[in-house]
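Student: Sequence plus predicted model, see below.
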Amino acid sequence: MPLANFSNLDFDQVKITLQDYLKSNSNFTDYDFEGSNLSTILDVLAYNTYITSYNANMITNEVFIDTATLRENVISLARNIGYVPRPRQAARATVSFFVNTEGITPSPASLTLKKGPVAASQSPFGGQSFVFSILSDITVPVFNGIAEFNDVEVFEGTLLTQTYTFSSRVPNQKFIIPNIGVDTDLITVSVRPSEASTTETKYSSQNSLFDVKSESKVYYLQEIEDERYQIFFGDGIFGKALEDGNFITIDYITSSGDSANGLNSFNFSGRIQYTRNSQNYTISSGISLMTTGLTASGGESIESVESVRKFAPRIYSSQNRAVTSNDYESLIPSRIYPETESISVFGGEDLVPPQFGKVFISIKPKTGDFLPNLIKEQIKLKLKKYAVAGIIPEILDLKYLYIEVNSKIYYNSNLAPSSAYVSSLVQNNSTKYAESSEMNKYGARFKYSKFLNIIDQSNESITSNITTIYIRRDLRAVLNAFAEYQIGFGNEFHIKSMSGYNIKSSAFRVAGIMNDVYISDIPNTNRITGSLFLFTLPSEASQSPTIVKRNVGTINYKNGVVTINPINVQSGMIKDGQTIIEISACPLSNDVIGLQDLYLQLDISNSIFETVVDEISSGLDPSGSNYITSTSYANGNLVRAGGRTSVTTPVGSSAPTTTTTSTTASSSSTSTSSASSY
C-alpha cells in the first residue's frame with residue numbers, strides 16, 4: 001500500500017492519491033479507473049476532500065491576525081490584545097444664525113435650540129444631501145428682540161437614541177447599538193435608577209483600567225460584527241455595576257464619514273422652542289440665513305482591516321507607553337490624532353548638533369499640509385500620559401523635499417501617432433508614481449531605476465530615456481528683517497564643479513542691492529564644505545554672473561545643509577501667499593531619501609519630459625550619423641527660472657510698493673524653514 005500524501009490539496013493530486021490507494025488493493029486489480037463508473041466516485045471523493053481542505057485552510061488563516069480576511073475575525077483578534085479600531089468620524093462644522101423675536105407673542109426671554117438635526121446641506125454635495133446635528137440643547141438669551149446662535153458646532157449625521165432596562169435575571173444581557181457608521185466619540189450614555197425616574201447620571205467612556213475605581217461611572221466599548229458596537233458597564237470592581245431596573249439611554253450619531261468634508265453651505269432645519277408659564281412654544285419664523293464659520297472637515301471612514309493589522313500588534317508591543325520612536329509612531333495615529341496620514345519620529349541625539357532629552361515629531365495630516373498650533377498643543381498634552389518623564393516632545397512643521405525630473409525620452413516614431421501622445425503617457429504614469437504610497441510618506445525613497453522603468457514601459461514606442469534629477473527645498477523668508485536661515489536636504493550633494501555654481505536659487509531682493517540676486521556656492525578643497533555668495537545676472541539664461549557679495553553663508557555637501565548668515569530679504573517668489581526662495585541641488589545619489597522630518601514629493605509640475613525621435617530605431621538614420629545625443633549630467637542655467645514676484649515696503653515708507661519682475665512658476669505646496677532649524 002503506498003504512503004498517502006496528506007499535504008496534497010489540489011483536486012487532481014487528491015484523485016491520483018485515491019487511485020493509487022485502490023490500485024494497491026488486489027480486489028481492484030482489473031479495474032479501469034479512467035473509464036469505469038468508479039472514476040465518477042473518485043471525482044466525488046476528491047472534490048469533497050478538496051472542499052474540506054480548503055475550508056480547513058481558510059479557518060486556520062482566520063485564527064491569525066496576519067492572515068485573517070473577515071473583518072469580524074480581525075477585530076476579534078485585535079480585541080484580544082486590547083486594541084479598539086478607530087470608528088467612523090463625523091464631519092464637523094460651525095454655523096451661526098439669529099432669530100428675530102419681534103412680533104412673537106408671548107415674547108420669549110430666551111430661546112432653546114433642541115438637540116438633533118440643526119442644518120442641512122443647501123444643495124446636493126457630491127451627489128448626496130447631508131444633515132448636521134447637535135448633541136444637546138443650546139439656550140441663548142434674547143437681547144433687544146434678537147437671539148444670536150453663534151459658532152454652533154454641528155456634526156454630520158442623524159442623532160438617534162437607544163434605550164435598555166437592565167435586569168439581572170437576563171443572563172449575558174448585551175447593550176448593542178444596532179446601527180452602523182456610529183461616531184463613538186459622540187456617544188452619550190446616561191443611566192437612571194428606573195424608567196420613571198427623572199434623576200440622570202452621565203457615564204464617561206473608558207478604554208483602560210487605570211484610575212478606575214469601584215464607584216467610577218464609566219462604560220466600555222468594543223466593536224462587534226457588521227461594524228456595530230457593544231457597550232458594557234463595570235462589575236463593581238472596575239467601574240460601578242448596574243442594578244436591577246436601571247434605565248439606560250444611549251444617544252449617538254450615525255454619519256457618512258468623509259463624504260461631507262468640504263461642505264460650507266447650509267439651510268436651517270432645526271427646532272427652536274421656549275417656555276412661558278409652563279407652556280412650550282415653537283418658533284418657525286424670524287430665523288435668519290445660516291452663515292458658515294468652519295467648513296465641514298474631519299470626517300473619516302472606519303479604520304480598515306489593513307490598518308488594524310498594522311497597528312494592533314504595534315500598540316500591544318508599546319504597552320501604552322512611548323519610549324522608542326516606533327512607540328510614538330504607533331500611539332499618535334491610533335490613540336491621539338487619528339487624522340494622521342504619515343508620521344516621522346526621531347530623537348534629538350540624531351541631530352547635528354545633538355539635542356538630548358527631546359523627541360521630534362513631524363506629522364502630515366490627512367487634510368492640509370500643516371498642523372494648527374492648537375492641535376500641536378493638544379497632541380503634546382495627550383502624550384504626557386504615555387511619554388517618559390524628562391523627555392520633551394517637539395512637533396515640527398511639515399517640510400517638503402521636492403524631486404524635479406528632466407527626462408529626454410527617445411521613441412520610435414513609427415509606433416506612436418505623435419510626440420505629444422508619448423509625452424502625455426509618460427507624464428500620466430509619472431503622476432501616478434508621484435501620487436503612490438511609495439512617495440507620499442516620511443521615510444520614503446525615490447527609486448531611480450524603477451522610475452526609469454516606468455518611463456520605458458509607458459509605451460511600446462519608447463526605446464530609452466536619459467533622465468537627470470534635482471532636489472529642491474523652499475525657504476520661507478522673513479521680509480524686511482535680518483534673519484539667519486538653515487535648510488537641510490537630508491541627502492549628500494554632488495559637486496559637479498570646483499569653480500562653484502553647484503546649487504541654484506530663484507531670484508530675490510536684499511537690502512542694499514538694487515538688482516535681483518541669486519545665491520550659489522564655491523566648494524572648499526576638502527570637498528565637504530563650501531561658502532555661499534550672492535550674484536546677479538543680466539538674464540536668467542546668461543552665463544556671465546557678477547558676484548556682488550561673498551561669504552554670505554556656508555554649505556555642507558556631505559550633510560546636505562545650507563546655512564545663510566543674517567540677511568535682510570525684501571522680496572522673493574510668492575507661493576501660496578508666502579515669500580519663498582527656491583533652492584535646488586543635484587544629489588550625489590539618484591535614489592533620494594526623505595530623511596527624518598522631510599516629506600518626499602515628486603514635483604511633476606516643475607519637471608520636464610521632452611521627446612526625441614530615435615532615428616536609428618525609426619529607420620530614418622540607420623547609420624546613426626545624425627543621432628541626437630543627450631547629456632547624462634545635470635547642467636543648464638546657473639539659476640532657477642521663475643523670477644521674483646513680491647510686495648516690498650521701503651524703509652521709512654508706510655505704504656507698500658508692489659514690484660513685479662516676472663511671473664511665478666507653478667508649483668505644489670511649500671514648506672517652512674525657520675531660522676536655525678534643520
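Tutor: All right, it came through fine. Residues are numbered from 1 along each chain as shown.
Student: From now on I want contacts and neighbour counts done on CA atoms only, so please keep to that.
Tutor: Noted.
Student: and the longest helix seen in the chain, what other elements does it pack with?
Tutor: Criterion DSSP state H: the longest helix present in the chain is helix 38-61. Secondary-structure packing of helix 38-61 (3 or more Cα pairs under 8 Å, 6 or more residues apart in numbering; DSSP states H and E): helix 11-23.
Student: buried set for the helix it packs on?
Tutor: Buried residues in helix 11-23, counted by 16 or more other Cα atoms under 10 Å: 11, 14-15, 17-19, 22-23.
Student: now do stretch 104-119
Tutor: 108, 110-119.
Student: from those residues, which is closest to Gly145?
Tutor: Pro108 (8.7 Å; Cα to Cα).
Student: rewinding a little: pull out the buried positions in the helix or strand just after the longest helix of the chain.
Tutor: For helix 38-61, the following helix or strand on the C-terminal side (DSSP states H and E) is helix 71-80. Within helix 71-80, the residues that count as buried by 16+ other Cα under 10 Å are 71-79.
Student: Would you format those as TSV with pLDDT and distance to Phe489 included?
Tutor: Compiled in TSV, the buried residues of helix 71-80 are given as follows (pLDDT from 0 to 100; distance: Cα to Cα, whole Å):
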residue	pLDDT	distance to Phe489
Arg71	86	42
Glu72	85	45
Asn73	86	44
Val74	88	40
Ile75	87	41
Ser76	85	44
Leu77	86	42
Ala78	85	39
Arg79	82	42
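Student: just curious, which of these is nearest to Leu42?
Tutor: Ranked by distance to Leu42 (Cα to Cα), the buried residues of helix 71-80 are led by Asn73 at 35.2 Å.
Student: on that earlier part again, out of the buried residues of helix 71-80, who's nearest Val517?
Tutor: Closest approach to Val517 among the buried residues of helix 71-80 (Cα to Cα): Ala78, at 58.8 Å.
Student: What's the end-to-end length of stretch 433-440?
Tutor: With Cα to Cα, to the nearest Å as the measure, stretch 433-440 spans 10 Å from end to end.
Student: Could I get the full set of strands for the stretch 201-350 of the chain?
Tutor: Along the stretch 201-350 of the chain, counting by DSSP state E, counting those that start in this stretch, strands occupy 201-205, 218-223, 229-233, 247-254, 266-268, 272-276, 279-283, 291-292, 340-347.
Student: For the stretch 101-250 of the chain, which residues score under the pLDDT cut-off?
Tutor: In the prediction, the stretch 101-250 of the chain carries no residues with pLDDT under 70.
Student: pLDDT at the closest residue in space to Glu582 that isn't next to it in sequence, what is it?
Tutor: For Glu582, ignoring the flanking residues on the chain, the nearest one in space by Cα to Cα, 6 or more residues apart in numbering is Asp474 at 4.7 Å. On the pLDDT scale, Asp474 is placed at 90.
Student: Confirm that Asp474 sits in a strand.
Tutor: Yes: assessed by DSSP: H, G, I helix; E, B strand; the rest coil, Asp474 belongs to a strand.
Student: That one: neighbour count?
Tutor: Residues near Asp474, counting by other Cα atoms under 10 Å, number 25.
Student: quick one on the thing from earlier: what two of the buried residues of helix 11-23 are the furthest from one another?
Tutor: Largest separation among the buried residues of helix 11-23 by Cα to Cα: Phe11 and Lys23, giving 18.5 Å.
Student: which SSE is the nearest residue to Gly500 once chain neighbours are set aside in?
Tutor: Using Cα to Cα, 6+ apart and skipping residues adjacent in sequence, the residue nearest Gly500 is Ile522, 4.0 Å away. Using DSSP H and E, Ile522 falls within strand 518-523.
Student: Out of the buried residues of helix 71-80, flag the one nearest to Ser334.
Tutor: Proximity of those to Ser334 (Cα to Cα) peaks at Ala78, which lies at 12.9 Å.
Student: My guess is the closest one contacts Ala312. True?
Tutor: Yes: look at Ala78 against Ala312 with Cα atoms under 8 Å: they come within range, at 5.9 Å.
Student: thinking again about what came up before, need the winner for burial among the strands of the stretch 201-350 of the chain.
Tutor: Neighbour counts (mean count of other Cα atoms under 10 Å) averaged over each of these peak at strand 247-254, with a mean of 21.
Student: Against which helices or strands is it packed?
Tutor: In terms of contacts (3+ Cα pairs under 8 Å, 6+ apart), strand 247-254 is packed against strand 158-165, strand 188-192.
Student: Go through the ones you listed and pick out the most buried.
Tutor: Burial of the helices and strands packed on strand 247-254 is given as mean neighbour count (mean count of other Cα under 10 Å); strand 188-192 ranks first at a mean of 19.
Student: what's the angle between that strand and strand 247-254?
Tutor: Using axes from the mean of the first three to the mean of the last three Cα atoms, to 10 degrees, the inter-axis angle of strand 188-192 relative to strand 247-254 is 170 degrees.
Student: Run through who's touching strand 188-192.
Tutor: With contacts defined as Cα atoms under 8 Å, 6 or more residues apart in numbering, strand 188-192 is touched by 198-204, 246-252.
Student: need those residues in a markdown table with distance to Ser317, can you?
Tutor: Formatted as a markdown table, these follow (distance: Cα to Cα, whole Å):
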| residue | distance to Ser317 |
| --- | --- |
| Thr198 | 46 |
| Thr199 | 43 |
| Glu200 | 40 |
| Thr201 | 36 |
| Lys202 | 33 |
| Tyr203 | 30 |
| Ser204 | 27 |
| Asn246 | 39 |
| Phe247 | 39 |
| Ile248 | 36 |
| Thr249 | 36 |
| Ile250 | 33 |
| Asp251 | 34 |
| Tyr252 | 32 |
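Student: nearest to Gln230, of the residues you listed?
Tutor: Using Cα to Cα, those come closest to Gln230 at Ile250, 11.2 Å.
Student: For the closest one, give me its contacts.
Tutor: Contacts of Ile250 by Cα under 8 Å, 6+ apart are 161-163, 187-190.
Student: rewinding a little: and the strand holding Ile522, how far out from the chain's middle?
Tutor: Relative to the centre of its chain, strand 518-523 is centred 36 Å away, using Cα atoms, centre = their mean, to the nearest Å.
Student: Would you give the sheet partners of it, along with the direction of each?
Tutor: Taking DSSP bridges as the criterion, strand 518-523 forms sheet pairs with strand 529-536 (antiparallel).
Student: Of the buried residues of stretch 104-119, just say which sits nearest to Met290.
Tutor: Taking Cα to Cα as the measure, Met290 lies nearest Ala119 of those, at 8.5 Å.
Student: Hmm, that closest one is touching Gly270, no?
Tutor: Yes: with contact defined as Cα under 8 Å, Ala119 reaches Gly270; the gap is 6.4 Å.
Student: And the residue positioned nearest the centre of the chain, how far from Ala322?
Tutor: Centroid check for the chain by Cα atoms, centre = their mean gives Glu341 as the closest residue, at 2.2 Å. Counting by Cα to Cα, the separation of Glu341 from Ala322 is 19 Å.
Student: One more: Ser194?
Tutor: Applying Cα to Cα to Ser194 and Ala322 gives a distance of 44 Å.
Student: out of those two, which sits in the more crowded spot?
Tutor: Neighbour totals were compared for Ser194 and Ala322, and Ala322 leads with 21 against 17 (other Cα under 10 Å).
Student: Verify the contact between the more buried one and Tyr386 for me.
Tutor: Yes: assessed by Cα under 8 Å, Ala322 is found in contact with Tyr386 at 5.3 Å.
Student: quick revisit: which of the buried residues of helix 11-23 sits closest to Pro333?
Tutor: Once Cα to Cα is applied, the member of the buried residues of helix 11-23 that ends up nearest Pro333 is Phe11, at 45.5 Å.
Student: contacting residues around that closest one?
Tutor: Neighbours of Phe11 in contact, by Cα under 8 Å, 6+ apart: 46-47, 50.
Student: Is the residue nearest to the centre of the chain in contact with Pro365, as I believe?
Tutor: Yes: under the criterion of Cα under 8 Å, Glu341 makes contact with Pro365 at 5.2 Å.
Student: now the helices for this structure?
Tutor: Using DSSP H, the helices of the chain run over 11-23, 38-61, 71-80, 305-318, 325-331, 373-383, 419-434, 448-456, 615-618.
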